[in-house]
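Asker: Fold the following.
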Amino acid sequence: AVVDLGVSAVHTSFIRALRVLRVQKLLRLLRQIQMPRVAKGARNIKTLCGVLIASIPGFGNVLALIGLVLFMYSYIGVYLFGKLMWSEGVNEHVNFKNFGSAALVLIRVATMDNWVDILQDCIMTPSNSACTKEAGNCGTYVAIPYFLTYIVITSVILLNLMVAVVIETFEKTNEQEEWKLSPQALEEFVTLWTEYDDGTGTISPKDLEELLLKLDPPLGLGPMADNKDVLRFVYDLDIPLVNGRVPFHK
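Answerer: Next up, the predicted model:
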């Protein structure tokens, strides 16, 4: 009994020591982690999720266009290859016997999965297969432009439009972030305004142009802007003049 108690005490102490070592190792890992980098990564993930959510309407338009193309080519596929004799590429699982089957085949072709075998079966002739013209189960060489145009439209153009939608939304999001008004930008605007203000709370239109060129967006245009940009910016603001001068509170 004494031996059992001793073994039990040693076992308990060993387990406690392991737990302490694990806690120390965890604390050491937490010290090594750079929290600013983790926070930056979390912000990037949040931005990416926001971009994807904002891209949903664009995805809907592209998917509607893909659906239209799929409908057209499925209908043509049933008309051209609905009675095609089954072989290696076109079989009981992959065929154009009805609209649903044709749509599934074309979705597979859009991924370019084994589409060459399907194409070869769709151009079979009595000279290279057991099909007969009397049975109407032979293919046609129209299948070559049929499949090539479908792959170009779906895989090359429409699917790349998905990426284009995400990129465009990402750029718009970045532009909106850049044009957000911050307290620092407002303070800089007030500081520059006081340099041109004569005490009446107004500045001359010429001074406004210089102010806009000194200020960065969103309250200004920056030094790289030209006169056309300034005129367009002021026209969009539509600021009413007071005695020929630009008021601060307008």
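
Asker: Nearest residue to Thr200 in space, ignoring adjacent ones along the chain?
Answerer: Arg245 (7.3 Å; CB to CB, 6 or more residues apart in numbering). C-beta coordinates here come from the backbone N, C-alpha and C atoms, glycine included.

Asker: Likewise for Tyr150?
Answerer: Nearest residue to Tyr150 in three dimensions, chain neighbours excluded: Tyr73, at 5.2 Å (CB to CB, 6+ apart).

Asker: quick one: the one you found from Thr149, how far?
Answerer: 9 Å (CB to CB, to the nearest Å).

Asker: the more surrounded of these two?
Answerer: Tyr73 (22 against 12; other CB atoms under 10 Å).

Asker: Give me the pLDDT for the residue nearest to Tyr150.
Answerer: Looking at Tyr73, its pLDDT is 95.

Asker: need the contact list for it.
Answerer: Ala102, Leu106, Tyr146, Tyr150 (CB atoms under 8 Å, 6 or more residues apart in numbering).

Asker: can you list the residues that contact stretch 199-213?
Answerer: Looking at stretch 199-213 with CB under 8 Å, 6+ apart, the contacting residues turn out to be 189, 192-193, 196-197, 220-223, 225, 227, 230, 233-234, 241-249.

Asker: List the buried residues of that stretch.
Answerer: For stretch 199-213, burial by neighbour count (16 or more other CB atoms under 10 Å) applies to Thr202, Ile203, Asp207, Leu208, Glu209, Leu211, Leu212, Leu213.

Asker: and the one helix or strand Ala64 maps to, how far out from the chain's middle?
Answerer: Element membership for Ala64, per DSSP states H and E: helix 56-81. Taking the mean of its C-alpha atoms, helix 56-81 sits 21 Å from the chain's own mean (CA atoms, centre = their mean, to the nearest Å).

Asker: what's the answer for stretch 107-122, then?
Answerer: Stretch 107-122 sits 28 Å away from the centroid of its parent chain (CA atoms, centre = their mean).

Asker: quick one: buried residues of it?
Answerer: For stretch 107-122, burial by neighbour count (16+ other CB under 10 Å) applies to Val109, Ala110, Trp115, Ile118, Leu119, Gln120, Asp121, Cys122.

Asker: Closest one to Ser129 out of those residues, please.
Answerer: Lowest distance from Ser129 to the buried residues of stretch 107-122 (CB to CB) belongs to Asp121, with 8.3 Å.

Asker: give me every residue that touches Gly136.
Answerer: Lys83.

Asker: Could you report the pLDDT at it?
Answerer: 77.

Asker: how close does it sit to Gly100?
Answerer: From Gly136 over to Gly100 the distance is 21 Å, taken as CB to CB.

Asker: Counting neighbours, what do you get for Ala135?
Answerer: Ala135 sits with 10 neighbouring residues when counted by other CB under 10 Å.

Asker: hmm, I was thinking of Gly82
Answerer: Gly82 has 16 nearby residues by other CB under 10 Å.

Asker: Also Ala102?
Answerer: Count around Ala102 with other CB under 10 Å applied: 23.

Asker: For Phe233, see how far away Pro217 is.
Answerer: 10 Å.

Asker: Leu80 reaches Phe96, doesn't it?
Answerer: Yes: counting by CB atoms under 8 Å, Leu80 does reach Phe96; the two are 7.5 Å apart.

Asker: The next helix or strand after the helix holding Ala64 vs helix 56-81, what angle?
Answerer: Sequence-wise, the next helix or strand downstream of helix 56-81 (DSSP H and E) is helix 99-110. Between the axes of helix 99-110 and helix 56-81, defined by axes from the mean of the first three to the mean of the last three CA atoms, to 10 degrees, the angle is 110 degrees.
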